[in-house]
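Sequence and predicted structure below; questions after.
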Amino acid sequence: MVGSFRSHVWDPVLLISQIVSMQCTFYVCYGFWLVLIDLILDNPRVLDQVFKYECLEFGSSKGRTIVAVYVLNSLTCALGLWVAVGRAKQCTDFALTVHMLHLVACWAYNRQFPHTLSWWLVNIVCVALMTVLGEFLCMRSEMKAIPLSTAARSDL
C-alpha cells in the first residue's frame, strides 16, 4: 500500500498472541486484585469468586466486593489493551473478546448459561469501562507528534 500510513496485513499469529495476552492479563490481574482484597478483608479465597454467577450480587458485602474487583480489573485490563493492542480501533474488539471468552469459561464452570441479571450488568459495564479507558490511552499514544527528522531541534 503505497501512500498509506499503516498497512493492514492479516497476521493471525499477532492476533492470537494479542488475544492470549489479553486473556492472561484479565485473569492474572483479576486474581491479583481478588487476593489483595481478600487478604485485606480476611475473606476466604475460592475459585467460585472468579467463575460463579451468584457471587456477583449487589445484595451482600462479599458480592459488592467482587463487583469492585471486576471494576478494578477493567481499569487494569485497559492498561493491558494499551500495551498489547495499542490501537484505539481495536479496543472494543479485544474487550469483547476477553469477556466473551470469560463467558465461555463461566458457562463451562457452572454447566449452565448465566442467568443472573447482576452478572450481565457487571460484565457489560466492565466491557464499556475497559473499552473507553483503553481507547483513551491508545488515542493519546496515537496522537503524539511524529518526529520528521532525527537531528536535534535548535529552536527550543
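Everything's here; your move.

Just to check, residue 115 is in contact with residue 53?
Yes: contact criterion C-beta atoms under 8 Å: residue 115 and residue 53 qualify, at 6.8 Å. No exception for glycine: its C-beta is placed from N, CA and C like everyone else's.

who's more crowded, these two?
Ranked by neighbour count (other C-beta atoms under 10 Å), residue 115 and residue 53 place residue 53 first, with 19 against 10.

Helices along the protein, start to end?
12-41, 48-51, 61-80, 91-110, 117-142 (DSSP state H).

Return the most buried member of those helices.
Sort the helices of the chain by mean neighbour count, taking mean count of other C-beta atoms under 10 Å, and helix 61-80 sits at the top with a mean of 19.

Could you check the angle that one makes with helix 117-142?
Put simply, helix 61-80 runs at 20 degrees to helix 117-142, going by axes from the mean of the first three to the mean of the last three C-alpha atoms, to 10 degrees.

can I get the CA coordinates of helix 61-80 in CSV?
What follows is helix 61-80, C-alpha atoms only, in CSV (Å, rounded to 0.1, in the frame of the first residue of the first chain):
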residue,chain,number,x,y,z
SER,A,61,-21.0,-7.2,51.1
LYS,A,62,-19.0,-10.0,49.5
GLY,A,63,-20.9,-9.6,46.3
ARG,A,64,-20.2,-5.9,46.2
THR,A,65,-16.5,-6.6,46.9
ILE,A,66,-16.3,-8.9,43.9
VAL,A,67,-18.1,-6.2,41.8
ALA,A,68,-15.5,-3.7,42.9
VAL,A,69,-12.7,-6.2,42.0
TYR,A,70,-14.3,-6.6,38.5
VAL,A,71,-14.2,-2.8,38.1
LEU,A,72,-10.6,-2.6,39.2
ASN,A,73,-9.8,-5.4,36.8
SER,A,74,-11.4,-3.4,34.0
LEU,A,75,-9.1,-0.5,34.7
THR,A,76,-6.1,-2.7,34.8
CYS,A,77,-7.1,-4.5,31.6
ALA,A,78,-7.4,-1.1,29.9
LEU,A,79,-3.7,-0.7,30.5
GLY,A,80,-3.3,-4.1,29.0
